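Undergrad: sequence and predicted structure are below.
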Amino acid sequence: MAEPILEVVDVRYRYPTGTDALCGVTFSVAAGERVALVGPNGAGKSTLLLAIAGFVPATGRIRLGGHTLNRATVRDVRRHLGLVFQDPDDQLFMPRVGEDVAFGPATMGLAPEEVHARVHEALAAVELEGYETRAPYHLSVGEKRRAALATVLAMRPQVLALDEPSANLDPRGRRRLIGLLRALSTTLLIVGHDLDLIMDVCDRTILMDAGCVIADGPTSAILTHRELLESHGLELPLAVAARQTPESPR
Amino acid sequence: MHHEMLDHFAAGVSPIHRLDPAAKTVAALAVILATVLVGRDHFRPLIPLAAALVIYQAIARVPVGYTARHLLLLSPLVLGIVGLFPLLEPGRALWAIPLGPWRIEITQAGLVRGGHLAAKCVLASWAAFLLMATTRFQDLLQALARLRVPRVLVIQLAFMYRYLWILADEVMRLRMARAARDGGGGPWKMRMRSRVDLVGVLFVRTYDRAERVYWAMLARGFDGTMPATATAPARPVDWAFAAMTVAAALLLISADRCLYG
């Protein structure tokens, strides 16, 4: 295997309250892989994302895009990690969508024309052309979610990390997001409970519980393993459950 | 909802709306300064100022009722300050109200001074309001940045504008959640306590959100400076508008000084 784009080695973090949030997480992701991080609430999935982005002071080794995460490289690591937060209202902090998408490329020091081109490209990728002057407050949840994705795509990250990308989306918005994610060629790291979305998008799944990696393998193997999922607070994706019990009640 | 109100007419199309936001800001400042600098008790110089605002409002097609409603919001403040003058200003008493051992006198000079101050307050707020009503808030922020207003201040205004309504929504949700359980009733003491709790919860949530927003900024490379956004350059007509307003304001103030001494 070629050198992994993301390497997480023995990452540990303890909350200030003394609870273990991450207890020695190790995995690596190759370029172009689409990996899901699943697990019950409080499994440490979101904390792991924050640790990779250098927001929580975890121990262990994190390597992303050729940079080993430390105080000196944290800005480089964040530039290569496109982190999309769960609440798009946190992600979209500028008065206009266009300015928000431009924020990343502009802080990277790109020339104004290049920033403009990136904004256009990113908004087109999430099917929000012409939204440059719209105020985030006036967007629907689905539009906000896609705009949030665009703010990160404009930075052309090596790894795209999404925290619960389909939370609060209606079925149509969710379907549209799945289509967009499938069309991306970037390495993906998706945290969430939406196992059906993960079935559709990710080829590999890492199951976490209580801060530890429980299983790591092909999505088709892990998300069809009823006992494994149920013993860690999850259940079979609906699509899989429907296939396993062909005789419907009616 | 509220958000819509703030920007409702700012999205309109008129020659005024198309003017450069920075030019409009300079013009509004000139009008406000002129209003403030008019000598005490001089009513006549206020007339051309009011006329200018009426014309501006008409060209921009801002409804009169909309303006009046917003200016009325300021009335408690204006009345609070202005209402004291007739009582404090010495002069010929029009009415005298005995109040125990004291006598409160309402003087003619006080009424004039109070009325003059009230007129100034209304004119200055009117000018500021018309600026807001014909300029989108985001454009106004960019204009302020271009006019060299300290960036920290502009950024703070931008964040306020972005998150004020999210905060308002949050308050509404909290209040609804409370009302769903207590029906808006309950003993007075309990209601007060839940109100205090609400403020506490709101503070914690706001603090959490501020942290998450800051992280989202850091995640996209924030290093303490906000990137400047490109704006359309000012046209000759914009310069002319700003220059003419400033000149007119200067003329008015000089005339006021010369004629009244």
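TA: Looks like it arrived, so ask away.

Undergrad: from B:F222, how far off is the most centrally placed residue in chain A?
TA: By Cα atoms, centre = their mean, chain A has its centre lying nearest to A:L162, at 1.8 Å. Separation of A:L162 from B:F222 (Cβ to Cβ, to the nearest Å): 20 Å. For the C-beta atoms, the positions are set from N, CA and C on the backbone; glycine is no exception.

Undergrad: could you do A:H225 as well?
TA: A:H225 is 42 Å from B:F222, by Cβ to Cβ.

Undergrad: who's more crowded, these two?
TA: The residue with more neighbours, out of A:H225 and B:F222, is B:F222; 19 against 15, by other Cβ atoms under 10 Å in any protein chain shown.

Undergrad: surely that one is in contact with A:M108?
TA: No: the pair B:F222 / A:M108 is not scored as a contact, 11.1 Å apart, by Cβ atoms under 8 Å.

Undergrad: and A:Y13, that one's in a helix?
TA: No: assigned with DSSP: H, G, I helix; E, B strand; the rest coil, A:Y13 falls outside any helix and is strand.

Undergrad: wait, what's in contact with it?
TA: A:D20, A:A21, A:L22, A:G44, A:T47, A:A51, A:V56, A:P57, A:A58, A:T59, A:G211 (Cβ atoms under 8 Å, 6 or more residues apart in numbering or on different chains).

Undergrad: backbone dihedrals for the last one, both of them.
TA: Read that as A:G211. phi 80, psi 0 (degrees, to the nearest 10).

Undergrad: give me the neighbour count for it.
TA: 24.

Undergrad: over to the fourth one?
TA: The number of residues packed around A:G44, counting by other Cβ under 10 Å, is 24.

Undergrad: so what's the nearest residue to it once chain neighbours are set aside up against?
TA: Spatially, and ignoring its direct neighbours in sequence, A:G44 is nearest to A:G211 (4.1 Å; Cβ to Cβ, 6 or more residues apart in numbering or on different chains). Neighbouring residues of A:G211 by Cβ under 8 Å, 6+ apart: A:Y13, A:D20, A:A21, A:L22, A:C23, A:V25, A:A43, A:G44, A:T47.

Undergrad: out of those residues, which comes closest to chain B?
TA: Within those, proximity to chain B (Cβ to the nearest Cβ) peaks at A:T47, which comes in at 12.7 Å.

Undergrad: my guess is the closest one meets A:C23, correct?
TA: No: judged on Cβ under 8 Å, A:T47 makes no contact with A:C23 at a distance of 11.2 Å.

Undergrad: more neighbours, these two?
TA: Comparing A:T47 with A:C23 by other Cβ under 10 Å, the one with more neighbours is A:T47, at 22 against 15.

Undergrad: which residues sit in contact with that one?
TA: A:T47 neighbours (Cβ under 8 Å, 6+ apart): A:Y13, A:A21, A:L22, A:V56, A:G211.

Undergrad: again, only using 6 Å
TA: A:A21 (Cβ atoms under 6 Å, 6 or more residues apart in numbering or on different chains).

Undergrad: same question, B:L117
TA: For B:L117, the contact set (Cβ under 6 Å, 6+ apart) comprises B:V82.

Undergrad: where's it, which helix or strand?
TA: According to DSSP states H and E, B:L117 maps onto helix B:108-133.

Undergrad: buried stuff in that helix?
TA: Under the neighbour-count criterion of 16 or more other Cβ atoms under 10 Å in any protein chain shown, helix B:108-133 has B:110, B:112-114, B:116-133 buried.

Undergrad: any idea how far A:R204 is from chain B?
TA: Distance, A:R204 to chain B, by Cβ to the nearest Cβ, to the nearest Å: 24 Å.

Undergrad: ranges for the strands of the chain?
TA: Let's take chain A. A:6-14, A:20-29, A:34-38, A:59-64, A:67-68, A:81-84, A:159-163, A:187-191, A:204-209, A:212-218 (DSSP state E).

Undergrad: ah, I was thinking of chain B
TA: B:93-99, B:102-107.

Undergrad: what about the shortest one, average pLDDT?
TA: Read that as strand B:102-107. For strand B:102-107, the mean per-residue pLDDT is 78.

Undergrad: would you put the C-alpha positions of that strand in CSV?
TA: Provided in CSV are the C-alpha atoms of strand B:102-107 (Å, rounded to 0.1, in the frame of the first residue of the first chain):
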residue,chain,number,x,y,z
TRP,B,102,-41.2,72.4,46.0
ARG,B,103,-42.6,74.1,43.0
ILE,B,104,-42.0,72.6,39.5
GLU,B,105,-42.0,75.3,36.8
ILE,B,106,-42.4,74.7,33.1
THR,B,107,-40.6,77.5,31.3
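
Undergrad: most neighbours out of the contacts of A:Y13, which is it?
TA: A:L22 (27 neighbours).

Undergrad: OK, contacts around that residue?
TA: A:V11, A:R12, A:Y13, A:G44, A:G211.

Undergrad: what are the bridge partners for it, then?
TA: Legend: beta-bridge partners of A:L22 under DSSP bridges are A:Y13.

Undergrad: state the distance from the closest residue to B:A50 other than its chain neighbours to chain A.
TA: Distance criterion Cβ to Cβ, 6+ apart; nearest residue to B:A50, sequence neighbours excluded, is B:L123 at 6.2 Å. Note on B:L123: its distance to chain A, by Cβ to the nearest Cβ, is 29 Å.

Undergrad: wait, doesn't B:L123 sit right on B:L37?
TA: No: between B:L123 and B:L37 there is no contact under Cβ atoms under 6 Å: 11.9 Å.

Undergrad: and the contacts of stretch A:130-140?
TA: A:L92, A:R96, A:V97, A:G98, A:L123, B:H3, B:W165.

Undergrad: count of residues packed around B:P90?
TA: Using other Cβ under 10 Å: B:P90 sits among 9 other residues.

Undergrad: how much space separates it from B:L111?
TA: 13 Å.

Undergrad: ditto for A:K45
TA: Relative to B:L111, and taking Cβ to Cβ, A:K45 is found at 70 Å.

Undergrad: which parts of chain A sit against chain B?
TA: Selection of chain A residues close to chain B by Cβ under 6 Å from any Cβ of the partner chain yields A:53, A:55, A:78-79, A:83, A:85, A:89-91, A:93, A:95-96, A:99, A:103-104, A:106-108, A:112, A:137.

Undergrad: narrow these to those that are buried.
TA: Buried members of those, counted by 16+ other Cβ under 10 Å: A:53, A:55, A:78-79, A:83, A:85, A:89-91, A:93, A:95-96, A:99, A:103-104, A:106-108, A:137.

Undergrad: no further questions, thank you.
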